[in-house]
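**Q** here's my sequence, what's the structure:
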Amino acid sequence: MAGIGFELRKLLKRGTFFSLLQTYGYAGIISSGPWVLSIFAVMLIGFISLPVVIPPVLVSQFQTSITYLIALSLIYTGLFQLAFTRYSADRIFEKEHFRLLPNLNGLLLLVTTVGGLISFPLTIVLFPETSLIYRLLFATTFVTVSCVWLAAILLSGLKDYKAILYNFAIGYGTALFLAFFLRAWKLEGLLLAFLTGQFVLLKGMLFVIFRNYPSRTFLEFDFLRKRRVHYSLMLTGFFYNLAIWTDKFVFWFHPYTGSKVIGPLNASEIYDFPIFLAYLSILPGMAVFLVRMETDFVEYYDRFYDSVREGGSLTTIKSMKNEMVHIAREGIYDIIKIQSIATIVIFLFGPTMLSMAGISLAYVPLLNIDVVSAGLQVVLLGLINIYFYLDRRGRALFLTALFATLNLILSIISINLSPYFYGYGFAGSLCITIMCGMFLLDRDLDTLEYKTFMLQ
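**A** Predicted structure coming up:
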């Protein structure tokens, strides 16, 4: 995200109200996570297809299929996302830009091959009641979406943040446009429209990457070399993506809350829409998170380590460290404040939204706790991001593994208690993880100078 942070700082330096809106607007869209935008596009596709696709259950089958594709592809590529991000950052720091493109191609080849070998046979076996076309489209979409997540890593390192927005707009715009014409082909037509949109998105991102990172070599696997693979980052990415989907899987497959939709895929009518609304509420918090981390925090982070490398006085080093700690705390507090406002808005209008979706108002408490949980997830992301800057990979791995474990255990317990406790497992796991993270971060920041100088 360094390139995006640089551009956001340039926007902020203009000092106008419009530039401020631009900065937070771009940050919100970029940092909210492409999967949020994906699910939003899927909801729109389902909405425009309801009058035509008969029976309506096919629309539900399409939306459920895409939700699983997004979830499974994120968990799968979580093994590579953070590790390849670190590899790319190291190559940029060492002025080895020529290695980025061939190694991205190597990663895409690896992910495509392994993903294809896993998804195609499993899809053929696990969906015996669906058409062959559906099964082939499902597996192909899984591989394509996985490649999209990985290409977005390298694209996020460029300064051309507008290219990211344009590509996502074109990709999902293509999916919506084609869905309008292909919806007559029912489930297979909708899935084909989404796949085409993802393919357009992937090709658009690769075009920008090929243009900005030229190389004489097309294919390399340098990122797999022993000293360049960070296994802790691989596990951290896997556990984090697994953690944020764990409660959803629990609700989907628990007999009290889930129901079969298509093949082995289940859904939870009472949980899916509230959690979707909750994740929409994190857009403001994610915008603040990206701007504060990539502008204010990074500025003093750079000053601190520049002082260390350039032999600055102890007073200067301590001053820069204190400012960095102050900005980190202020950034987390700002995230909490902005998310509190978004939470209040959902509290006010949530019942109306549930009524419009045909969901009983008895589940308003579930929506409320999901909104709080989504906000807490942004806070946790801020903590993990600070640990990455401090290169405390072990801490980040511990927190994500703790989050995944607690989310699984507490979500199962909350369902078995009663409907009044639905969602509290997700919230409880985040609360415990955040408290542990803040306790550890406070200790690490207190000993930052010692670890910087003595553990090299």
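**Q** so Gly78 touches Asn241, yeah?
**A** Yes: counting by CB atoms under 8 Å, Gly78 touches Asn241, with 3.7 Å between them. No exception for glycine: its C-beta is placed from N, CA and C like everyone else's.
**Q** looking at this protein, which helix is longest?
**A** The residue-count maximum for a helix in the chain (DSSP state H) belongs to helix 314-356.
**Q** for stretch 173-192, list every residue counted as buried.
**A** By 16 or more other CB atoms under 10 Å, the buried positions in stretch 173-192 come out as 174-176, 178-179, 182-183, 186-192.
**Q** inside helices: which ones of those?
**A** Per DSSP H, the subset of the buried residues of stretch 173-192 in helices is 174-176, 178-179, 182, 186-192.
**Q** who are the packing partners of the helix or strand harbouring Leu290?
**A** In this structure, Leu290 sits in helix 283-291 according to DSSP states H and E. Packed against helix 283-291 by the contact rule (3 or more CB pairs under 8 Å, 6 or more residues apart in numbering; DSSP states H and E) you find helix 2-12, helix 17-31, helix 314-356, helix 364-389.
**Q** just the angle between the third one and helix 364-389, please?
**A** Right, helix 314-356. 150 degrees (axes from the mean of the first three to the mean of the last three CA atoms, to 10 degrees).
**Q** helix 314-356 versus helix 283-291: what angle between them?
**A** Going by the same axes, to 10 degrees, helix 314-356 is angled at 160 degrees with respect to helix 283-291.
**Q** state the mean pLDDT of helix 314-356.
**A** Helix 314-356 shows a mean pLDDT of 79.
**Q** distance between it and the chain's centre?
**A** 18 Å (CA atoms, centre = their mean, to the nearest Å).
**Q** Arg99: which of the helices and strands packed on helix 283-291 is closest?
**A** The closest of these to Arg99 is helix 2-12. By CB to CB, the value is 16.8 Å.
**Q** got the contact list for Thr217?
**A** Thr217 is in contact with 98, 102, counting by CB atoms under 8 Å, 6 or more residues apart in numbering.
**Q** where does it sit: helix, strand or coil?
**A** Look at Thr217: counting by DSSP: H, G, I helix; E, B strand; the rest coil, its state is coil.
**Q** separation between it and Leu104?
**A** The spacing between Thr217 and Leu104, counted by CB to CB, to the nearest Å, is 12 Å.
**Q** Lys260: what secondary structure?
**A** Classified using three-state DSSP, Lys260 is strand.
**Q** what about it, neighbour count?
**A** By other CB atoms under 10 Å, the residues close to Lys260 number 12.
**Q** tell me the pLDDT of the residue nearest to it when sequence neighbours are not counted.
**A** Closest residue in space to Lys260, ignoring its immediate chain neighbours: Asn266 at 5.6 Å, by CB to CB, 6 or more residues apart in numbering. At Asn266, the model reports a pLDDT of 92.
**Q** again, but for Phe194
**A** For Phe194, the model assigns a pLDDT of 91.
**Q** neighbours of it, just the number please.
**A** 30.
**Q** list the buried residues for the helix or strand hosting it?
**A** Using DSSP H and E, Phe194 maps to helix 186-212. Across helix 186-212, burial judged by 16+ other CB under 10 Å covers 186-202, 204-206, 208-209, 212.
**Q** pretty sure Phe84 sits against Ile153.
**A** Yes: look at Phe84 against Ile153 with CB under 8 Å: they come within range, at 5.7 Å.
**Q** of those two, who's got more company?
**A** Phe84 (25 against 21).
**Q** spit out the contact partners of that one.
**A** Contacts of Phe84 (CB under 8 Å, 6+ apart): 103-104, 107, 150, 153, 223.
**Q** compare these and tell me which is most surrounded.
**A** Leu104 (27 neighbours).
**Q** distance of that one from Ser60?
**A** 36 Å.
**Q** same check on His326?
**A** For His326, the distance to Ser60 - CB to CB - is 49 Å.
**Q** between these two, which one's more packed in?
**A** A side-by-side neighbour count of His326 and Ser60, using other CB under 10 Å, places Ser60 first with 18 against 13.
**Q** and the more buried one, what are its phi and psi?
**A** The phi and psi values for Ser60, taken as degrees, to the nearest 10, are phi -60, psi -40.
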